[in-house]
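*Asks:* Next input, structure requested:
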Amino acid sequence: MKTLTTTLVLSSLLFLTPISVMAGSGHDHAHSHAPAAPVNQSTAEKNADNVIASLVERNKIDNSWSTIKASSVEQKALNGRSEWLVIYDNEKVTELDKKKLYVFLTIEGEYIAANYTGK
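*Replies:* Here you go, the predicted structure:
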């Protein structure tokens with residue numbers, strides 16, 4: 001009985017020690033618990049330009065979009081939350097329904113979506 005108790009205690013210590021070490025107060029998640037700060041218009045435009053470059057690089061949109069500058073950068077309230085909407089106009093595109101590209105970003109500048117409808 002004493003051996004069984006000793007074995008259980010030692011097993012518990014071996015099992016729980018790594019968990020308590022990993023979950024200690026000095027741990028690091030590699031991210032902050034504080035909410036990100038909103039970005040300004042210039043940063044939103046730069047982030048949207050990076051989205052366009054990535055879409056071109058992945059062949060999701062035509063290469064001609066890589067030289068187009070934003071025609072509009074504005075904050076919009078959608079579902080009670082502010083977002084950045086960056087609009088690009090590409091005269092080189094022949095399809096009328098694909099001449100405008102809309103890039104949506106969070107107010108903190110993170111990519112949400114891109115489409116040709118603005119919705």
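*Asks:* quick one: the helices in this protein?
*Replies:* Counting by DSSP state H, the chain has helices at residues 2-22, 41-57.
*Asks:* which stretch in those has the least confidence?
*Replies:* Per-stretch mean pLDDT for those is lowest at helix 2-22 (a mean of 48).
*Asks:* quick one: pLDDT of His29?
*Replies:* pLDDT, His29: 43.
*Asks:* Need the residues that contact stretch 87-100.
*Replies:* 48, 52, 62, 64-65, 68-73, 101-103, 116, 118 (CB atoms under 8 Å, 6 or more residues apart in numbering). Backbone N, C-alpha and C define where each C-beta goes, glycine included.
*Asks:* Write the ChimeraX selection for whichever of those residues are buried.
*Replies:* To isolate the buried members of the contacts of stretch 87-100 in ChimeraX, using 16 or more other CB atoms under 10 Å:
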select :48,52,65,68,70,73,101,102,103
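*Asks:* And for Asn107, the neighbour number?
*Replies:* One correction, residue 107 is Ile, not Asn. 16 (other CB atoms under 10 Å).
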